[in-house]
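Colleague: After the sequence you'll find the predicted model.
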Amino acid sequence: MPALDHTIVHSTDRFASAHFLAVILGTDDPVELGPFVAVRLGNDVALDFAEHLIAERDWVPTHYAFTVTDDEFDAIVDRIRTQQLPYWADPRHTQPDAINHLEGGRGVYIHDPDGHNLEFLTRSYSDRFLTNM
């Protein structure tokens with residue numbers, strides 16, 4: 001089965017955005033790779049942060065979801081609260097300062113410095129899709 005190796009995350013400051021994510025996730029420090037700053041995830045997928053070279057932002061913030069363990073989730077929520085970052089239980093950000101319990105797990109959403117919608121969840125929604133195949 002094919003596997004995702006990496007994807008590019010557009011940012012206004014590749015170092016700041018990569019560092020922000022690495023701190024929230026509690027991962028290794030990001031690594032500069034040419035025009036990118038990479039955050040390596042546990043499943044050998046990398047997020048390569050790149051600064052857009054055009055003065056005007058002509059890209060749209062995107063959604064990135066991270067499946068984490070219960071212990072990792074607790075640590076992430078602690079970091080979010082310690083940094084006093086706004087967080088929500090839902091992707092449309094209508095339920096502030098709350099976590100969700102979808103699929104029998106827990107989930108939370110935050111924005112990164114460029115407005116990307118980051119989701120951290122302990123139970124993947126795709127589990128339902130995979131079991132129905």
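Modeller: Alright, I've got the coordinates. Numbers count the residues shown, from 1 in each chain.

Colleague: Would you mind giving the domain segments of the chain?
Modeller: 1-52, 62-133 (automatic domain parsing).

Colleague: Using CSV, please lay out those domains together with mean pLDDT and mean neighbour count.
Modeller: C-beta coordinates here come from the backbone N, C-alpha and C atoms, glycine included. Listed next are these as CSV, based on pLDDT from 0 to 100; neighbours: other Cβ atoms under 10 Å:
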stretch, mean pLDDT, mean neighbour count
domain 1-52, 95, 16
domain 62-133, 92, 15
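
Colleague: Which of the helices or strands spans the residue most central in space within the chain?
Modeller: The chain has residue 118 as the residue nearest its centroid, 3.9 Å off, counting by Cα atoms, centre = their mean. Residue 118 is part of strand 117-121, with elements assigned from DSSP states H and E.

Colleague: Give me the sheet partners of that strand and which way each runs.
Modeller: If you go by DSSP bridges, strand 117-121 pairs up with strand 63-67 (parallel), strand 107-111 (antiparallel).
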